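Asker: Prediction below, plus the sequence it came from.
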Amino acid sequence: MKKIIWVLVVWQFACFANVYGQRVINVDLNKTSGKLATMFNTCIGAGRANEGLRADWQQQLEYVKKQCGFKYIRMHGLLTDDMAVYTEDSKGIPQYNYMYADALFDFLHKIGMKPFVELGFMPNALASGNQTIFWWRGNVTPPKDYNKWQALISNLVQHFTERYGAEEVKSWYFEVWNEPNLSPGFWTGTQEDYFKLYDYTAKAVKGVNPSYKVGGPATAGAAWVPEMIAHCSKNNIPIDFVSTHSYGVKQGFLDEYGNSGTVLSKDSLSVSGDVLNTRKQIAQSAIPGLELHYTEWSSSYTPADPVHDSYHEAAYILEKLKQVGSAANSMSYWVFTDVFEEPGPRYTPFHGGFGLLNIQGINKPAFYAYQLMNKLGKTELANTDTRSWACKNDKGGMQLLLWDYTYTLPDSVNNQAYYIKDLPARSKGKVKLNLSHMPAGKYTMEIYKVGYRVNDAYTGYMDMGRPKQLNKQQVEKLKEQNGSPVAIRQIEIKPGARYSGEVDIRENDVILVNLIKRS
């Protein structure tokens, strides 16, 4: 780690320049742009509901919630048979059971999180067919009896109301199914069949309480949004929000094992371009005020893509969220943990899983992107730099989160062949920071960094020889990179002064400067 050298009150640490001239960030603490949009930590994803009954899953979620500030969590499989929600007796009479669901939702309530309730998949006793998806066999067929499906949803939502109270459930979201446009993968029916499922579900939810929020279509690739809104508007079907998904790769389909060789898209507006277009579609629709929730997004849609483990992912996350701005009400990263069994249990500690944490709870670089965003103050400062956020809080402090995003994947090489390598980051020169109208006083300056071999567990894992299993000492060693500041300094800012500094940055580095005013 390079030492930070102070000359007067000018700081130098890792940053950025390009061949066209030095990057300059000007921040005036008297010029604000409003409340910081926190759609980035409104919601986070998880694999399936049954995994939420595991002790390690719960421990990791509580940790991630505390560090990153997530408010909602969305997961598959609430209604699949491993949650024991629905069966029928010998006469075909429905039998409901919510013991497992209660254990999961009680835990969420205990740690201060709310469910973004995905209603799926189909209980086998209610299914019209036997087609399933994933190792854990989520049934993806329409109900054999839509009235029984509606009765199940009504009973379930009424149960939630009795257990948690109507005022609490009013703050939840009920999302109908998952990616029904990927047929027959996630849904064996047609679009018309999905709309029928949605209609029955929406009526069930609103029948318990008209203030409860229901929406969809939860599609892959930002699909079906105009059609969904038009259907609801034409048929007077309730809809409170639009949900859909986007991923930043350009080949593969339901690629659970990463066998197709995914390729990170070169499109500078991958993911974010979908979000902006969906917001435009809503604005031009018959119901222009609908909330927009991207209930899944990431760089790649396979849980076997090493880009998820790479230091590149932290900068990628920030790049996309900055581009989205306030276009979405939430951007739910898929997912918080590698305790995730769509392709079945995994046998190596770093296998390209979706998670912010690996199975042993080791922080990946992606985790730090969210942890650092959670340190930003509530008020955003005016800032023309497209790869940074400048904020201040009500205690006189300010934060500057900046990054470089550089696409480094060579042509004709897929993610699985590239991101498993040791990939040193090249220097991008220096960034100049000009800070004006900072309140006079004494400050503690914390400097955080994420990048190549800094809070980069995967390269540490490579240095160990990529063992198939980690022993206790190896886990502890990898956890030593825990996101602590790389430097802490005490400074004093004089009245009326303007302060400038330069910082060095490499490809795909992420840096947070946190100025804490001391009393």
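Answerer: The structure has been received and is ready for your questions.

Asker: And the contacts of stretch 108-120?
Answerer: With C-beta atoms under 8 Å, 6 or more residues apart in numbering as the test, stretch 108-120 has contacts from 43, 61-62, 65, 70-80, 105, 138, 153, 164, 168, 171-178, 201, 218, 293, 295, 332. Using the backbone N, CA and C atoms, a C-beta is placed for each residue, glycine as well.

Asker: Please produce a ChimeraX select command covering the buried subset of those.
Answerer: Selecting the buried subset of these in ChimeraX, with 16 or more other C-beta atoms under 10 Å as the burial test, is done by:
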select :43,61,65,70,71,72,73,74,75,76,77,78,79,80,105,138,153,164,172,173,174,175,176,177,178,201,218,293,295,332
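
Asker: So which of the contacts of stretch 108-120 are in strands?
Answerer: Taking DSSP state E, the ones among the contacts of stretch 108-120 that sit in strands are 43, 72-76, 138, 173-176, 218, 293, 295, 332.

Asker: Which member of those residues is positioned nearest Ser427?
Answerer: Ser427 lies nearest to Ser332 out of the ones in strands among the contacts of stretch 108-120, by C-beta to C-beta, at 34.5 Å.

Asker: how near is the residue nearest to that closest one when sequence neighbours are not counted to Phe186?
Answerer: Nearest residue to Ser332, sequence neighbours excluded (C-beta to C-beta, 6 or more residues apart in numbering): Cys43, at 3.9 Å. Using C-beta to C-beta, to the nearest Å, we find Cys43 at a distance of 20 Å from Phe186.

Asker: need the contact list for the residue of the chain most remote from its centre.
Answerer: Residue farthest from the centre of the chain, counting by C-alpha atoms, centre = their mean, is Lys91 at 44.0 Å. Going by C-beta under 8 Å, 6+ apart, Lys91 touches no other residue.

Asker: three-state assignment of it?
Answerer: Here Lys91 is recorded as coil under DSSP: H, G, I helix; E, B strand; the rest coil.

Asker: Phi first, then psi, for it.
Answerer: Dihedral pair for Lys91: phi -100, psi 10, per degrees, to the nearest 10.

Asker: just for the stretch 151-300 of the chain, where's the confidence low?
Answerer: Residues of the stretch 151-300 of the chain that meet the criterion pLDDT under 70 lie in 252-254.

Asker: ok, 80 please
Answerer: Under the criterion pLDDT under 80, the flagged ranges of the stretch 151-300 of the chain are 251-260.

Asker: go on, the chain?
Answerer: Within the chain, the segments meeting pLDDT under 80 span 1-21, 251-260, 497, 499.

Asker: which residues of it fall in helices?
Answerer: 55-68, 99-110, 146-164, 166-169, 191-208, 225-235, 272-283, 312-324, 365-373, 415-418, 457-463, 472-479 (DSSP state H).

Asker: Turn those helices into a markdown table, including distance to Ala497.
Answerer: Converted to a markdown table, these look like this (distance: least, C-beta to C-beta, whole Å):
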| stretch | distance to Ala497 |
| --- | --- |
| helix 55-68 | 34 |
| helix 99-110 | 48 |
| helix 146-164 | 53 |
| helix 166-169 | 49 |
| helix 191-208 | 57 |
| helix 225-235 | 51 |
| helix 272-283 | 38 |
| helix 312-324 | 29 |
| helix 365-373 | 27 |
| helix 415-418 | 47 |
| helix 457-463 | 40 |
| helix 472-479 | 41 |
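
Asker: To Pro439, which of the ones you listed lies closest?
Answerer: Closest of the helices of the chain to Pro439 is helix 365-373, at 23.0 Å (criterion: C-beta to C-beta).

Asker: can you pull the contacts of Leu29?
Answerer: Leu29 neighbours (C-beta under 8 Å, 6+ apart): 381, 392, 398, 435-439.

Asker: Repeat the analysis, applying 6 Å as the threshold.
Answerer: 392, 437-438 (C-beta atoms under 6 Å, 6 or more residues apart in numbering).

Asker: What of Thr80?
Answerer: Counted by C-beta under 6 Å, 6+ apart, Thr80 has contacts 121, 138.

Asker: One more: the one 5 residues further on?
Answerer: With C-beta under 6 Å, 6+ apart as the criterion, the residues that contact Val85 are Leu79.

Asker: what is Ala127 paired to in the beta sheet?
Answerer: Taking DSSP bridges as the rule, Ala127 bridges to Pro143.

Asker: tell me, how many neighbours does it end up with?
Answerer: Ala127: 19 surrounding residues under other C-beta atoms under 10 Å.
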